[in-house]
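*Asks:* pasting a predicted model and its sequence here:
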Amino acid sequence: MKGFLAVIRKEAIHMRRDKGTLRLALGIPLFQLVMFGSIDTNIKHVPTVVFDQCRCPQSRALLDELVATRTFEIKRVVNTHDELREAIVAGDARVGLEIPPDYGRHRLQGTEATFLALIDGSDNTVASQSLAAINGLALTQSLVELQKQQNRKTLPISPRPQILFNPDTRSANLLIPGLVAILLTFSGTMLTAYAIVRERERGTLEQLLVTPVSAVEMILGKLIPYLILGFCQLILVLFLMTTLFRVPIHGNVLLLAALSLIYLTSLLSLGLMISARSTTQIEATQAAQSILLPSIMLSGYIFPLSSLPLPLRIISHLFPATHFINISRGIIIRGAGFHDLLNEVLALCAISLVLLTMSVMLFRKSRL
Amino acid sequence: MNPAGTQATSTDWGIEVRGVTHDYGAVRALRDVSLTIPRGTIFGLLGPNGSGKSTLIRVLCGLLRPTGGTALVDGIDVTHHASQVRRRIGYVPQRFSLYEDLTVMENLNFFASVYGLSGAHLAERREWVIGLTGIAPYRDRLAAHLSGGWKQRLSLGAALMHEPRVVFLDEPTAGIDPVARRELWNLLFDLSASGVTLLVSTHYMDEAERCGRLGYLYMSKLLVEGEPEDLVALPEITPPGTRRVEVAIEGSAAQVMRRARSLTYVEEATIFGNSVHLLVPDAVTHDDLVRDLTEPGVKVNVRPIAPSLEDVFVRLTGLQAEAAENGSAQTGKTS
């Protein structure tokens, strides 16, 4: 027990004197939060080129309506079909609209008016949202036309959709709760990934190993100061999230803080495990990165879990980030309570316990 | 709690090594090493780089598990009761291994507290160590900013905080200046006088001469072990029918050395500054030597001498190398 306290005190001194660790722990996540947090995933102002062969009031009305959706922004007007294609191939525009010469005439006569929309399929999100916006606009216009012709006041079916929790579909509200989990994953794991291997490289581990300090004392003694540091980092990130990005926390902040301690424990244990089995800091960095990348890709932050094939979905549950993203989104966005998140909490506890035990066992192998 | 537990024995040995072998994978680093070191003795462990000195120390500190044999430190088996041994030993590794970003005081406090020292007892031990090592002026200096000699004293001080019965020092004087070396040795003498057993590895012959007992490791084997006087008197060092002489030289010692090596009756020639030590048959007289070694521009003066410790190790190494050559010729057939 005294050894454990001695290790904690020593680590606290290291931490205070090592500006690099503090920078890694506090600076980088804040910087990344500000950088990535300002990304807006709602598709707006898609660069568009237009080849208007009609140049009539009807075609101008159509273009005005499209611009009014704010999905499209007309970058250029061209004079041939080839130029239209070229602009998309060159990446100048994502969407090309070609309105045939007879568009105005058909609209006036009430016969089928067509226009061509070329959509760049190389970005799935942009393509699907552009397609939806164009289809939606054409459909609405058609319905208005049909209503006029048939003299109807209402439509046969009128849906009443309601988006829960994020009514104005601000993407920051959806992105940042997940981003918090991802930022912690990186800095949390890297903080302890060096904790033991650094001592091995500097030779101080050998001196420690001849003392009676036990593996448990060492691992816990190193874990706790970093847990406190990681917690400060979390509080800072949450503070920025609610102030700078005005993302409201719908659930209980204390619950979020308590559960993030479990999450941090799992990350720091992962780092310690990596550190215990590495012989150089470079090796530890490589090991950490090779675990961090899949853990982020498969966490549900980038791709929804439902889009993963079954084997990957099973693997994804071994990573702490997957569970904490659910907890973080649950509490911040949906206002979920402890009981709603029980499965995730149990999973995180189990992962932490396994990683912590493994790091103690690996560290024990350093000596007799 | 009695730290001795139930393992304490009445043995008079501070360190007792019986048939210890250690393999790093396919490489045998220690081959059937046996030695005994009485309590309160300074034992000097000598041998070329890579001969197994650090490995032996690391086995005795419980950092390596020997492949075979037993080792007792302060009467306790290091492989089976490593944690009990740890409380009784201090270890000063070859490379400075304290925390450079901690001050002298912080290092001492840390190493004392991992042994469970606290409060008044810790403070008392700390002041004792500071007094012993004289490091008081640098109390609040970061270890990184200490000179080599002070780093070594701090290392020794940190290793002494918990009053170890046995202290291992792995080349403690490598790379520090002569004054600091002498002061460190004075510290070691004080410690041994208070009953602490010390095992010190070194390359320096003058340090070897200060040790109560010596061991010489060569190619993973302990070739000899004993008191310096016993080693010097070993029959194989000066075999019957031969004697050792010192040839004092006025002129080029290297030239005389070359010439001595070319003489068929010279069994061993070692250069010592401005003189050369030779092992020659009794039949060869001083006059023979003066005649054979004198050259234009070189004057020599021959007198008989007793072998030095360096002669002992040079001789043993030569004999061992010869034996190894013959041995490998034989094993070449069998393997």
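*Replies:* Yep, that arrived.
*Asks:* how close does residue A:65 sit to chain B?
*Replies:* To chain B, residue A:65 is 67 Å away according to C-beta to the nearest C-beta, to the nearest Å. (C-beta placed from N, C-alpha, C; glycine too.)
*Asks:* just the helices in the stretch 101-250 of chain B please.
*Replies:* For the stretch 101-250 of chain B, the helices defined by DSSP state H, counting those that start in this stretch cover B:104-114, B:119-133, B:148-160, B:178-193, B:205-210, B:228-232.
*Asks:* extract the CA atoms of the helix or strand hosting residue A:6 and return them as CSV.
*Replies:* Remark: residue A:6 resides in helix A:2-17, with elements defined by DSSP states H and E. This file holds the C-alpha atoms of helix A:2-17, laid out as CSV (Å, rounded to 0.1, in the frame of the first residue of the first chain):
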residue,chain,number,x,y,z
LYS,A,2,2.9,2.4,0.8
GLY,A,3,4.6,1.4,-2.4
PHE,A,4,1.4,2.2,-4.3
LEU,A,5,1.2,5.7,-2.7
ALA,A,6,4.9,6.2,-3.4
VAL,A,7,4.4,5.4,-7.1
ILE,A,8,1.4,7.7,-7.4
ARG,A,9,3.4,10.6,-5.8
LYS,A,10,6.3,9.9,-8.1
GLU,A,11,4.1,9.8,-11.2
ALA,A,12,2.5,13.1,-10.2
ILE,A,13,5.9,14.7,-10.0
HIS,A,14,6.8,13.4,-13.5
MET,A,15,3.6,14.6,-14.9
ARG,A,16,4.1,18.1,-13.4
ARG,A,17,7.6,18.4,-14.9
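*Asks:* tell me, how many residues neighbour residue 109?
*Replies:* Reading this off chain A. As a burial measure, residue A:109 scores 10 neighbours (other C-beta atoms under 10 Å in any protein chain shown).
*Asks:* that's the other chain; I wanted chain B
*Replies:* Neighbourhood size, residue B:109 [other C-beta under 10 Å]: 22.
*Asks:* hmm, it is touching residue B:126, no?
*Replies:* Yes - at 6.9 Å, residue B:109 and residue B:126 qualify as touching, with contact defined as C-beta atoms under 8 Å.
*Asks:* scan chain A for its longest helix.
*Replies:* With secondary structure taken from DSSP state H, chain A has its longest helix at helix A:215-243.
*Asks:* next, count neighbours for the closest residue to residue A:98 other than its chain neighbours.
*Replies:* In this structure, residue A:98 finds its nearest non-sequential neighbour in residue A:116, 4.0 Å apart by C-beta to C-beta, 6 or more residues apart in numbering or on different chains. Counted with other C-beta under 10 Å, residues neighbouring residue A:116 total 12.
*Asks:* didn't residue A:116 look like it was pressed against residue A:95?
*Replies:* No - the criterion here is C-beta under 8 Å, and residue A:116 misses it with residue A:95 at 10.8 Å.
*Asks:* and the strands in the stretch 51-200 of chain A?
*Replies:* Using DSSP state E, counting those that start in this stretch, the strands of the stretch 51-200 of chain A run over A:72-77, A:95-99, A:116-119.
*Asks:* OK, contacts around the closest residue to residue A:136 other than its chain neighbours?
*Replies:* Once flanking residues are discounted, residue A:136 sits nearest to residue A:69: 7.9 Å by C-beta to C-beta, 6+ apart. By C-beta atoms under 8 Å, 6 or more residues apart in numbering or on different chains, residue A:69 lies in contact with A:133, A:136-137.
*Asks:* any weak-confidence spans in the chain?
*Replies:* Using chain A here. Within chain A, the segments meeting pLDDT under 70 span A:368.
*Asks:* that was the other one, I meant chain B.
*Replies:* Counting by pLDDT under 70, chain B shows low-confidence ranges at B:1-11, B:328-335.
*Asks:* near chain A, which residues of it?
*Replies:* Residues of chain B found near chain A (C-beta under 8 Å from any C-beta of the partner chain) are B:61-65, B:78-79, B:82-83, B:86-87, B:89, B:91, B:93, B:95-102, B:106, B:110-111, B:113-116, B:118, B:158.
*Asks:* again, 6 Å this time
*Replies:* When proximity is defined by C-beta under 6 Å from any C-beta of the partner chain, chain B lies next to chain A at B:61-63, B:65, B:82-83, B:86-87, B:91, B:93, B:95, B:97, B:99, B:101-102, B:110, B:113-114, B:116.
*Asks:* go through these and flag which are in strands.
*Replies:* Counting by DSSP state E, the part of the residues of chain B next to chain A found in strands is residue B:91.
*Asks:* one step back: now the longest helix of chain A: buried residues?
*Replies:* The neighbour-count check on helix A:215-243 (16 or more other C-beta atoms under 10 Å in any protein chain shown) flags A:215, A:217-227, A:229-230, A:233-234, A:237-238, A:240-241 as buried.
*Asks:* what about residue 162, how many residues nearby?
*Replies:* Just going to use chain A. Number of residues near residue A:162 (other C-beta under 10 Å) recorded here: 6.
*Asks:* that was the other one, I meant chain B.
*Replies:* For residue B:162, the count of nearby residues is 23 (other C-beta under 10 Å).
*Asks:* and for the residue lying closest to it once chain neighbours are set aside, the neighbour number?
*Replies:* Spatial nearest neighbour of residue B:162, chain neighbours left out: residue B:115 (3.8 Å); criterion: C-beta to C-beta, 6+ apart. Counted with other C-beta under 10 Å, the neighbours of residue B:115 add up to 22.
*Asks:* the one 3 residues further on now?
*Replies:* If you count neighbours by other C-beta under 10 Å, residue B:118 ends up with 14.
*Asks:* okay, the residue nearest to it when sequence neighbours are not counted and residue A:367: tell me how far apart.
*Replies:* For residue B:118, ignoring the flanking residues on the chain, the nearest one in space by C-beta to C-beta, 6+ apart is residue A:2 at 6.3 Å. As judged by C-beta to C-beta, to the nearest Å, residue A:2 and residue A:367 stand 19 Å apart.
*Asks:* out of those two, which sits in the busier spot?
*Replies:* Higher neighbour count among residue A:2 and residue A:367: residue A:367, with 20 against 16, using other C-beta under 10 Å.
*Asks:* quick one: that one and residue A:361, what's the gap?
*Replies:* To residue A:361, residue A:367 is 13 Å away according to C-beta to C-beta.
*Asks:* that older thread, among the buried residues of helix A:215-243, which are within reach of chain B?
*Replies:* Of the buried residues of helix A:215-243, not one also sits near chain B (C-beta under 6 Å from any C-beta).
*Asks:* ok, longest helix in chain B?
*Replies:* Ranked by number of residues, the top helix in chain B under DSSP H is helix B:309-334.
*Asks:* what packs against that helix?
*Replies:* helix B:205-210, strand B:213-218 (3 or more C-beta pairs under 6 Å, 6 or more residues apart in numbering or on different chains; DSSP states H and E).
*Asks:* turn the ones you listed into JSON lines, columns for mean neighbour count.
*Replies:* As requested, the helices and strands packed on helix B:309-334 are exported to JSON lines (neighbours: other C-beta atoms under 10 Å in any protein chain shown):
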{"stretch": "helix B:205-210", "mean neighbour count": "17"}
{"stretch": "strand B:213-218", "mean neighbour count": "23"}
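*Asks:* any common contacting residues for residue A:367 and residue A:361?
*Replies:* Counting by C-beta atoms under 6 Å, 6 or more residues apart in numbering or on different chains, residue A:367 and residue A:361 have no contacts in common.
*Asks:* no further queries at this time; thank you.
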